[in-house]
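Chemist: Show me the folded form of this:
(one chain, ligands or ions: 1)
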Amino acid sequence: MATRIVTITDHKSGKQVECPVYEGEYGAPVIDIKNLYKELGMFTFDLGYGSTAACRSAITYLDGEDGVLLHRGYPIEQLAEKSNFLEVSYLLLHGELPNQVQSDEWTHAIKMHGMTHEHLSRFYQGYRYDAHPMSVLAGVCAAVASYYHASTDIHDPESRMLTARRVIAKMPNLVSKIYRHSSGLPFVYPDNSRDHVENFMYMMFSWPTEPYVANPVALRALNLLFILHADHEQNASTSTVRLAGSAETNPFACVAAGVSTLWGKAHGGANEAVIEMLAEIGEPKNIPKFISRAKDKDDNFRLMGFGHRVYKNYDPRAKIIRQACHDLLQSMNLNLPMFEVAMELERIALEDEYFISRKLYPNVDFYSGLIYQALGIPANMFTPMFALARASGWIAQWMEMMADSDFRIGRPRQLYIGAQRRDYTAVADRG
Ligand code: ACO
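Modeler: Next up, the predicted model:
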């Protein structure tokens with residue numbers, strides 16, 4: 001329901017359009033401009049969507065100025081401390097935390113959908129051992145679509161829920177196979193006596209000839225990272241999933257599209273890029289050189305893991321991860337020189353006028369790679385791990401969009417700046 005009206009006037013033609021304003025539960029109100037084109041013959045122009053709300057959503061709220069992140073109303077700090085990844089996935093999808101019966105049914109269902117079709121394993125053989133894992137993940141997610149295409153009815157809520165369960169259940173299996181293929185190790189079937197995160201570690205790291213006992217410290221750390229990565233409002237990959245889904249495509253194909261977007265180092269690929277950057281810096285004494293490069297407009301180097309489109313304050317997830325990284329290294333008695341470099345880099349950047357004036361703070365990816373590294377996970381697997389977790393957010397957002405009565409295909413417009421109409425000339429007549 002509109003709370004007020006904003007009138008937009010074209011001072012050239014004198015025409016006006018009245019745009020209703022809607023207030024959400026929190027956050028900036030939105031101006032409904034759907035009549036703008038009809039009344040004024042104009043579009044809005046918002047490169048990078050900095051001022052555009054592309055959907056209604058009740059899943060995640062973030063306040064970038066105050067560094068607040070809520071999933072279904074629950075603060076991320078509480079979820080990180082008290083919940084687990086599978087429960088957070090349930091919360092994102094269903095809107096409420098599960099009671100004991102719901103939790104048992106959910107956990108059981110996810111276990112039952114953890115396998116992948118045996119033939120799918122052959123897709124991995126088509127990739128070189130050193131293929132980037134995100135390329136493989138995008139491929140195999142799209143391949144999964146082929147197994148459930150005819151049987152998926154995206155207009156049926158039950159069929160959609162089954163799909164959501166499949167996505168969340170199969171991602172650990174799909175991701176672990178990438179690592180096994182690249183390492184020349186046999187694929188491992190899930191073991192349903194283990195919980196979701198432990199099963200993932202088991203499929204990744206178990207040795208065929210040895211019993212696998214997971215390190216509880218590692219499981220806790222991974223659970224935390226997965227919770228912190230599970231959803232983050234309408235970021236680039238989530239918006240991609242929604243846009244793909246709006247065309248009524250197969251949901252696994254939507255997830256493949258999300259994986260492709262997440263891969264970019266301005267987005268989820270930053271966790272891998274941070275480790276590369278810290279390795280390149282090497283020692284604290286080299287930090288000033290890299291800070292200068294980050295500030296130099298003629299150098300395209302940026303401090304990886306720094307800055308965020310929405311957070312103009314410390315990313316609350318980064319705060320939690322920083323502490324977790326510190327605790328993990330201490331409990332593992334691990335001296336990771338990169339952690340020292342990261343903390344010093346953060347300290348210097350946060351005192352620098354360039355970063356202060358642009359409100360550039362560490363984001364979720366600044367410390368996450370260090371945790372993965374301490375757990376023995378290779379750098380090129382960091383972004384697939386992010387995708388594993390984010391898939392639960394993607395599919396919850398897809399579910400929400402599909403259930404929206406105003407659902408329609410996403411179709412942005414443009415400001416055309418190309419050539420004017422001209423006539424085709426034969427090749428012999430072209431200069
Ligand atoms: N290092 C140096 N300068 C930076 C950085 C950075 N990491 N990030 C932004 N800036 C500067 C820009 O050069 C720009 O300066 P200017 O005003 O003098 O031109 C200003 O800060 C604003 O930057 P924008 O690019 O307009 O910010 P935008 O919101 O478009 O980009 C982004 C956000 C992509 C995250 C950016 O900060 C960045 O590239 N960070 C590094 C990559 C990264 O860590 N990505 C992970 C994000 S979290 C996630 O997706 C999971």
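
Chemist: Can you report how many residues lie near the nearest residue to residue 217 once chain neighbours are set aside?
Modeler: Taking CB to CB, 6 or more residues apart in numbering as the measure, residue 217 lies nearest to residue 331, with 5.4 Å between them; neighbours along the chain are not counted. Every residue, glycine included, has its C-beta placed from N, CA and C. Taking other CB atoms under 10 Å as the neighbour definition, residue 331 ends up with a count of 12.

Chemist: swap in residue 124?
Modeler: By other CB under 10 Å, neighbour count at residue 124 equals 19.

Chemist: Quick check: mean pLDDT of the helix or strand containing it?
Modeler: Secondary structure from DSSP states H and E places residue 124 in helix 121-125. What helix 121-125 shows for mean pLDDT is 96.

Chemist: Mind listing what's buried along it?
Modeler: Counting neighbours by 16 or more other CB atoms under 10 Å, one finds that the buried residues in helix 121-125 are 123-124.

Chemist: ok, now stretch 240-252?
Modeler: Within stretch 240-252, judged by 16+ other CB under 10 Å, the buried ones are 240-246, 250-252.

Chemist: Those in helices, which ones?
Modeler: Secondary structure defined by DSSP state H assigns 240-246, 251-252 of the buried residues of stretch 240-252 to helices.

Chemist: Quick one: these as a markdown table, columns for distance to the ligand and pLDDT too.
Modeler: Output for those, formatted as a markdown table (distance: CB to the nearest ligand atom, whole Å; pLDDT from 0 to 100):
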| residue | distance to the ligand | pLDDT |
| --- | --- | --- |
| 240 | 12 | 98 |
| 241 | 14 | 98 |
| 242 | 16 | 98 |
| 243 | 17 | 98 |
| 244 | 18 | 98 |
| 245 | 20 | 98 |
| 246 | 22 | 98 |
| 251 | 22 | 97 |
| 252 | 22 | 97 |
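
Chemist: which one of the residues you listed is nearest residue 142?
Modeler: Proximity of those to residue 142, judged by CB to CB, is greatest for residue 252, which lies at 6.8 Å.

Chemist: residues contacting that closest one?
Modeler: If you count contacts by CB atoms under 8 Å, 6 or more residues apart in numbering, residue 252 has them with 141-142, 144-145, 148, 163, 167.

Chemist: tell me, how many neighbours does residue 417 end up with?
Modeler: Residues within reach of residue 417, counting by other CB under 10 Å, total 5.

Chemist: Likewise for residue 67?
Modeler: Other residues within reach of residue 67, judged by other CB under 10 Å, total 17.

Chemist: same check, this time on the one 3 residues further on
Modeler: Number of residues near residue 70 (other CB under 10 Å) recorded here: 19.

Chemist: related to what we said a few turns ago, tell me which two of the contacts of residue 252 sit farthest apart.
Modeler: Among the contacts of residue 252, the pair separated by the greatest distance (CB to CB) is 142 and 163, at 14.5 Å.

Chemist: out of the two, which sits in the more crowded spot?
Modeler: Neighbours of residue 142 and residue 163, each counted by other CB under 10 Å, are more numerous for residue 163; the result is 26 against 19.

Chemist: contacting residues around the residue nearest to the more buried one when sequence neighbours are not counted?
Modeler: Leaving out its chain neighbours, the residue that sits closest to residue 163 by CB to CB, 6+ apart is residue 251, at 4.9 Å. Listed by CB under 8 Å, 6+ apart, the contact set of residue 251 reads 145, 152, 154, 160, 163, 167, 245, 395, 398.

Chemist: Looks like the last one contacts residue 254 (just checking).
Modeler: Yes. With contacts counted by CB atoms under 8 Å, residue 398 reaches residue 254, the gap being 5.8 Å.
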